[in-house]
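K.L.:
my questions concern the predicted model and sequence given below.
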Amino acid sequence: MTPPSEPGPAPDPDGQDGLEAQLRVFAAEIGGLYRVQKERAEQLETALGALKTAYLETIRSFAFVVEAKDAYTGQHLERCRAYGVALMEELGVADDHPDAEYGFLLHDAGKIGIPERILSKPGPLTAAEWRIMRTHPVIGCQMLENIPFMTTAAEIVRCHHEMFDGSGYPQRLKGEEIPCPPGPSASSTPLTP
Ligand SMILES: [Fe+2]
């Protein structure tokens, strides 16, 4: 007598098993693609961070080149950076403007566009020379204003000679017309040109 045979797989008239297996394959492939993309995004973020750091360090070097060129500034840049950052921290706005530090460092960067004979003139400047000297905040702002993560820094550079009583330049802004983050720069900048 022949023993009974093992029961075979249950009939699958709708192809459900095949469909489920296919979906599992798709899900595994999508999971793999997601992991690869996530890893690439992290690598890209790390590379962008390194690029930004290198860029900011280049800016820092540039600021000190300007300082070396300008006989008036001395340790002025570093002092302004320290005072400006301290005041912004005290005002509670430092975290909202991480690029402000570079605005304080670069506030006189526009002096790169001022003739050497004016920058290094030993005696007092003439009225015409002062008009030229007083363009340096605008020149400096133009150097930064198109860089997306330097918007506050550009404002600081533009406004660093504005004074609360409206006697500053280039726009003779008064009181609260001076944007808040540049305020510390205006108040911590000694009366140099
Ligand atoms: Fe200045």
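P.N.:
Thanks, I have the structure now. Because the structure is predicted, anything quoted here is derived from the model rather than measured. Numbering: from 1, shown residues only.
K.L.:
could you use CA atoms for every contact and neighbour count after this?
P.N.:
OK.
K.L.:
does the residue nearest to residue 174 when sequence neighbours are not counted belong to a helix, a strand or coil?
P.N.:
The spatially closest residue to residue 174, leaving aside those adjacent along the chain, is residue 166, at 4.0 Å (CA to CA, 6 or more residues apart in numbering). Secondary structure state of residue 166, per DSSP: H, G, I helix; E, B strand; the rest coil, is coil.
K.L.:
check contacts around residue 166.
P.N.:
Contact analysis of residue 166 by CA atoms under 8 Å, 6 or more residues apart in numbering lists 172-175.
K.L.:
which strands or helices does the strand or helix carrying residue 30 pack on?
P.N.:
Under the criterion DSSP states H and E, the helix or strand holding residue 30 is helix 16-69. Packing contacts for helix 16-69, counted by 3 or more CA pairs under 8 Å, 6 or more residues apart in numbering; DSSP states H and E, involve helix 76-91, helix 100-105.
K.L.:
helix or strand with the lowest mean pLDDT in the protein?
P.N.:
Ranked by mean pLDDT, DSSP states H and E, the weakest helix or strand in the chain is helix 182-188, scoring a mean of 51.
K.L.:
what about this structure, any weak spots by pLDDT?
P.N.:
By pLDDT under 70, the weakly predicted segments of the chain are 1-13, 69-74, 180-193.
K.L.:
most centrally placed residue in it?
P.N.:
Among the residues of the chain, the one closest to the centroid is residue 149, at 3.3 Å (CA atoms, centre = their mean).
K.L.:
what's the nearest residue to that one if we skip its chain neighbours?
P.N.:
The shortest distance from residue 149 to any residue other than its chain neighbours is 6.9 Å, reached at residue 99 (CA to CA, 6+ apart).
K.L.:
so who does the one you found touch?
P.N.:
If a contact means CA under 8 Å, 6+ apart, then residue 99 has 149-153 as its contacts.
K.L.:
closest to residue 27 out of these?
P.N.:
Here the nearest of the contacts of residue 99 to residue 27, counting by CA to CA, is residue 149; it sits at 39.2 Å.
K.L.:
how many neighbours does residue 154 have?
P.N.:
Other residues within reach of residue 154 by the criterion other CA atoms under 10 Å amount to 29.
K.L.:
extract the C-alpha trace of stretch 144-164 and format it as CSV.
P.N.:
Extracted as CSV, the C-alpha positions of stretch 144-164 are listed here (Å, rounded to 0.1, in the frame of the first residue of the first chain):
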residue,chain,number,x,y,z
LEU,A,144,29.8,91.1,2.2
GLU,A,145,26.2,91.8,1.3
ASN,A,146,25.8,89.1,-1.3
ILE,A,147,27.1,86.3,0.9
PRO,A,148,24.0,84.5,2.3
PHE,A,149,25.4,83.7,5.8
MET,A,150,27.0,87.1,6.2
THR,A,151,23.9,89.3,6.3
THR,A,152,24.4,90.5,9.9
ALA,A,153,28.1,90.9,9.3
ALA,A,154,27.3,93.1,6.3
GLU,A,155,24.9,95.3,8.4
ILE,A,156,27.6,95.6,11.2
VAL,A,157,30.1,96.8,8.6
ARG,A,158,27.7,99.3,7.1
CYS,A,159,26.6,100.7,10.4
HIS,A,160,29.8,100.6,12.5
HIS,A,161,30.3,104.4,12.4
GLU,A,162,26.6,105.3,12.9
MET,A,163,26.1,107.0,16.3
PHE,A,164,23.1,106.9,18.6
